[in-house]
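Student: sharing a sequence plus its predicted fold:
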Amino acid sequence: MSWFVRSAALVAATSIVVYGVATIEERTDPRWLVLLVIVGLLWGISLWPATVRQARTVDRAMIHVTAVIGIGFLLVATQLIRAQALDRERIQSRVVSTGTEVVADPRRQVLAQESQRGRILARDGTVIAETRVGEDGRSRRVYPFGPAAYLAGYYSPALYGAANVELAYDGALSGRTEVRRLREWIDGILNRPTPGYDVVLTIDPELQSQADRLLGGRAGAVVLLDARTGAVLAMASAPAFDPNTLSVGTRATPEELEAARAYWASLQQSNDGRLVLRATQGRYPPGSTFKTVTLAAALESGVANLDKVYRDEGAFTVDSRVIVEQNRPDPNRVSYSLLEGYGYSLNVVFAQLGLELGAGRLTEAAQRFGFGESIPFDLPVAPSVVSVDTGYLANPAGLAETSFGQGELLVTPLQMALVAAAVVNGGEQPVPFLVDRIQTPSGEIVEQHRPRAWRRAMSPETAVQIEQAMRWSVEHGYARGAQIPSAVVGGKTGTAEVGDRPPHAWFIGFAGREEPQYVVAVVVENAGSGTEVALPIGRALLELALGR
Amino acid sequence: MAARVRLLELQLLVLPALLGIVGLLTIYLSRTGSTRWSWSDIWVSLVFMGMVLGTSVWLSLIGFGGDQVLFPLVAMLSGLGLLLSQRLQPVLQQDAGWATLAQRQLVYLILSFGLLWGTITFLRRLDWLRRYKYTAAVLGLALTAVTMLFGVEIQGARLWLDLGVVTVQPGELVKVLLVVFLAAYLDDYRDLIATGYRLGPVTIPPLPYLLPMLVMWGLSVLAVVLQRDLGNALLLFGIFLAMLYMATGRIAYVVAGLLTFAAAVYVALHLFGHVMVRIQVWLNPWSQPLHAGFQPIQADYAFAHGHIFGTGLGFGFPQFVPLVASDYALAALGEELGLLGTTAVLGLYVLLVARGTLIALRARGSFVRLLAAGLTVVLGLQTLIILGGNVRLLPLTGITLPFISAGGSSLLTNFLIIALLLKASERSTEPR
């Protein structure tokens, strides 16, 4: 075969291999195997031994057979290069869980145990999670700061994997990050374990402790955000779990394993969702706090302004469904402006407003606040929804109920904190974040979070008006208890009915010295009225935040 | 014949000797953090090195004039196998063996060396084998039948005969017997088979003469079915095709053979569930991550962990791969010696095959040439099938990696092959 054909075949074979490696992930993808067959044939062409024409047939045949075997070895080498060099990280990070068992690379656990896993720190350096080596030489994962321990999650390679920050930042904590630095690359080549990075959270320990204390073990959640940046200063969730018992390494003693199993079983049996981070994963009917979204829909669409007057006679019938009003400040007064309707949380006013708006505009406004989407966050967030059933809002009674925060609405506390953040942030919602930076054990920053906007929920003009409405609610309405001396405060309470059990108490609000700086969302499950239960928690946290 | 120093061989044997010492010291280093060693541990390596050097010296003393590169290659590979068993022994839970993994491997090696010496001493002329071609065929068939009838099943394949003290794998020897038979038979009827009968313009294949070989082909397919052993069937059939091609030089036989084999595999695929499972697990082990797919998944992790330079002997975790010592020797080497190590091992096998082909080309006598070429194909193809299975180029099969995998039957057979190849090289011109 001519020199040209041989070189062309070699070039073609090389290009096919490069193309295949770049586009096909699996080494046994049938497409890749077909490419390998073609590559083998091309190699055959380019490397076919130029046996002398006079050589005996038998000799030629022997050489041909050897050449075919040789090409087979080249194909084996190609697969090896993929497995050991090119596809390496993809293979190592592949994990599958089948109900009860998890199949993952066991080396990661052993090596993670051997190399020092990074710490999880609060913004001021308070240690939330760290690995301590005991006198017996065994390392243990400990969570010395109780109020944020469950936020860090647990790290239990021997039994239950990991959760929360420990899971979401496992790569960084065990020394593997997306950012490839020269040192890491060399460590990888030489197969040296990289020390884990420290993950620094935005959590303020004092605010976090206070939030946890204020919940006082009652089921519920508190989220406190920096309204401008979206930094999570406190994120409390109760009831929670103690990760210290759950976190057992691969060298745990039988007693430790037994204790972890027993604790895990008790968590499962208690059946109160202790492993669920309610602040991001808990979904509740929002009650009247949702009126903020309905109000935004009205102002944005021009259907109503704050001065528009509605009649409220204590009851309102829609589609044979009677909505009873219990919130009127004066039972003899029957006309209220929309501003008063918001401040006094009048359901009849918002039912009428909702019917004026229609399902389309209400849903659209909620979507602009992020309903129906997973909020981009360092931990997984359950999407909040306007209605579970898409046809629900087509029914006028359903639409009316939704407008004042009942119906089929389900929201996360983080979502409601972002509603408040949009109000004080000129209508724009920041991307909330819990991890401020990733750094080396010596404090050298590897990755720094930069605050950025997530989405525009409403126009700046609408935002200003809603901010006024929330402030009016604190100055004159039912959120009066939230007042803080010499501070700008706004808020909205909510009391979400949940069947026969006591209602969920809600509060969302903001506070600042000259202009709003922090936003808070509080929910306490089955605890009574928002004004009496949730508002004091929100107020205390905002006040403490202002003092810092 | 006068004694003649096999200098090249001795020089080349320095590498396997160093490998044994350096490798063992690394294993100590990883286990204890120091390179201090004790005689009681190191004697296994010393016995092996003594046998290797002794063999070379003995070959010089008897004035053996055969190839000098083949034996160092084999010493390197089997030294690597011994080292691997020494490395794996402390981390593998052994199931009721009569000695530790390394000690057993050493005993197999001693027996293998004995077989090598015996074959070279007592087998005067390879041509002698040609007379026993039908004996070889009958013996091969008998061994296969006995295994099928009385064999014990290990991991779903019925390949072992339980002889009380040890279990042996007769299938290993059958390969050699098949090559002996085919080499003699094809050499006898070479011209007839190559040309066929002419009927006017049409050439009809000489069916009566192909029949014995078609029977062999049928048996290899039968082996897939009854022994549930895809690997050996593929190997037997590959040997058959390669030898038919090498004897006749006619590509048409190869094409026809491959087509019928593909058809047979297709039928087997649809008739027998376990073959389908093998294929599914090959293409996507993640479909059954806890069962059939567990082993290839763990092997992938091991390969990936090795990266380019590997962790170093003793510093990896090959024990996470089930049956690593027999099925996945390359994964253990890949993890601890890295991509460089695995490509080096591939290189050793390529050199072995190339050397075998060279011996065949230089050999005198058409039977010996065909025999040497066939034996080389056995080594090359078997290595290719198991390595292809290890790196997921082919479905995984249970056959062994020559010289490296733990196991006596395989080691003895492969040393027999090497002995025959050395014998075949004896009368050829001395390579420089």
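Tutor: Good, I have the coordinates.

Student: which single residue in the stretch 151-300 of chain B comes nearest to chain A?
Tutor: Going by C-beta to the nearest C-beta, chain A is nearest to residue B:249 of the stretch 151-300 of chain B, at 3.5 Å. Quick note: C-beta positions are derived from backbone N, CA and C, even for glycine.

Student: now that residue: how far from residue B:381?
Tutor: In this view, residue B:249 and residue B:381 are 19 Å apart by C-beta to C-beta, to the nearest Å.

Student: biggest helix in the chain, by residue count?
Tutor: Using chain A. Ordering each helix of chain A by length in residues (DSSP state H) puts helix A:57-81 first.

Student: meant chain B actually
Tutor: The residue-count maximum for a helix in chain B (DSSP H) belongs to helix B:329-362.

Student: which positions within that one qualify as buried?
Tutor: For helix B:329-362, the neighbour count (16 or more other C-beta atoms under 10 Å in any protein chain shown) marks B:329-339, B:341-343, B:345-346, B:348-350, B:352-362 as buried.

Student: the helix or strand harbouring residue B:222 - what's its average pLDDT?
Tutor: Using DSSP states H and E, residue B:222 maps to helix B:207-227. Throughout helix B:207-227, pLDDT has a mean value of 69.

Student: quick one, strands of the stretch 51-200 of chain A?
Tutor: Using DSSP state E, counting those that start in this stretch, the strands of the stretch 51-200 of chain A run over residues A:96-98, A:101-103, A:120-121, A:127-133, A:139-142, A:155-156, A:161-162, A:198-201.

Student: make TSV out of these and add distance to residue B:12.
Tutor: Output for the strands of the stretch 51-200 of chain A, formatted as TSV (distance: least, C-beta to C-beta, whole Å):
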stretch	distance to residue B:12
strand A:96-98	47
strand A:101-103	44
strand A:120-121	57
strand A:127-133	48
strand A:139-142	47
strand A:155-156	52
strand A:161-162	51
strand A:198-201	53
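
Student: can I get these in TSV including distance to residue A:535 and mean neighbour count?
Tutor: Shown next, in TSV, are the strands of the stretch 51-200 of chain A (distance: least, C-beta to C-beta, whole Å; neighbours: other C-beta atoms under 10 Å in any protein chain shown):
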stretch	distance to residue A:535	mean neighbour count
strand A:96-98	42	12
strand A:101-103	43	14
strand A:120-121	32	26
strand A:127-133	29	19
strand A:139-142	36	19
strand A:155-156	37	26
strand A:161-162	36	20
strand A:198-201	27	26
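
Student: can you count the residues close to the residue of the stretch 351-500 of chain A found nearest chain B?
Tutor: Using C-beta to the nearest C-beta, the closest approach of the stretch 351-500 of chain A to chain B is made by residue A:446 at 21.9 Å. Residues within reach of residue A:446, counting by other C-beta atoms under 10 Å in any protein chain shown, total 15.

Student: now it: closest residue in space that isn't a chain neighbour?
Tutor: In space, and not counting its chain neighbours, residue A:446 is closest to residue A:438: 4.7 Å by C-beta to C-beta, 6 or more residues apart in numbering or on different chains.

Student: mind checking the SS state of the one you found?
Tutor: strand (DSSP: H, G, I helix; E, B strand; the rest coil).

Student: the residue of the stretch 151-300 of chain B closest to chain A contacts residue A:61, doesn't it?
Tutor: Yes. At 4.7 Å, residue B:249 and residue A:61 qualify as touching, with contact defined as C-beta atoms under 8 Å.

Student: neighbour count: those two, which is higher?
Tutor: In terms of neighbours (other C-beta under 10 Å), residue A:61 is the more surrounded of residue B:249 and residue A:61; the figures are 24 against 18.

Student: ok, the more buried one - contacts?
Tutor: By C-beta atoms under 8 Å, 6 or more residues apart in numbering or on different chains, the contact list for residue A:61 reads B:245, B:246, B:247, B:248, B:249.

Student: try 10 Å
Tutor: Residues in contact with residue A:61, defined by C-beta atoms under 10 Å, 6 or more residues apart in numbering or on different chains, are A:51, A:55, B:242-251, B:254, B:373.

Student: name only those of these that count as buried.
Tutor: Buried by 16+ other C-beta under 10 Å: A:51, B:242, B:243, B:244, B:245, B:246, B:247, B:248, B:249, B:250, B:254, B:373, out of the contacts of residue A:61.

Student: just these now: which is nearest residue A:422?
Tutor: Taking C-beta to C-beta as the measure, residue A:422 sits nearest to residue B:254 out of the buried ones among the contacts of residue A:61, at 73.2 Å.

Student: for that closest one, give me the backbone phi and psi.
Tutor: Here is the backbone geometry of residue B:254 (degrees, to the nearest 10): phi -60, psi -50.

Student: just give the closest residue to it, not the sequence neighbours.
Tutor: Distances taken as C-beta to C-beta, 6+ apart place residue B:245 nearest to residue B:254, at 5.1 Å, with adjacent residues excluded.

Student: next one: the one you found, what pLDDT does it get?
Tutor: Residue B:245 is assigned 90 on the pLDDT scale.

Student: verify the contact between it and residue B:182 for me.
Tutor: No. The pair residue B:245 / residue B:182 is not scored as a contact, 11.4 Å apart, by C-beta atoms under 10 Å.

Student: re the thing from before, reformat the strands of the stretch 51-200 of chain A as CSV; add mean pLDDT and distance to residue A:405.
Tutor: Conversion of the strands of the stretch 51-200 of chain A to CSV gives the following (pLDDT from 0 to 100; distance: least, C-beta to C-beta, whole Å):
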stretch, mean pLDDT, distance to residue A:405
strand A:96-98, 72, 37
strand A:101-103, 74, 40
strand A:120-121, 94, 36
strand A:127-133, 89, 34
strand A:139-142, 86, 41
strand A:155-156, 87, 39
strand A:161-162, 84, 36
strand A:198-201, 94, 31
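
Student: contacts only, for residue B:88.
Tutor: By C-beta under 10 Å, 6+ apart, the residues touching residue B:88 are B:27, B:94, B:101-102, B:105, B:314, B:318-319, B:324-325, B:329, B:332, B:406.

Student: among those residues, which are in helices?
Tutor: Among those, the members found in helices (DSSP H) are B:27, B:101, B:102, B:105, B:329, B:332.

Student: quick one on the thing from earlier: helix/strand/coil for the residue of the stretch 351-500 of chain A closest to chain B?
Tutor: Once three-state DSSP is applied, residue A:446 turns out strand.
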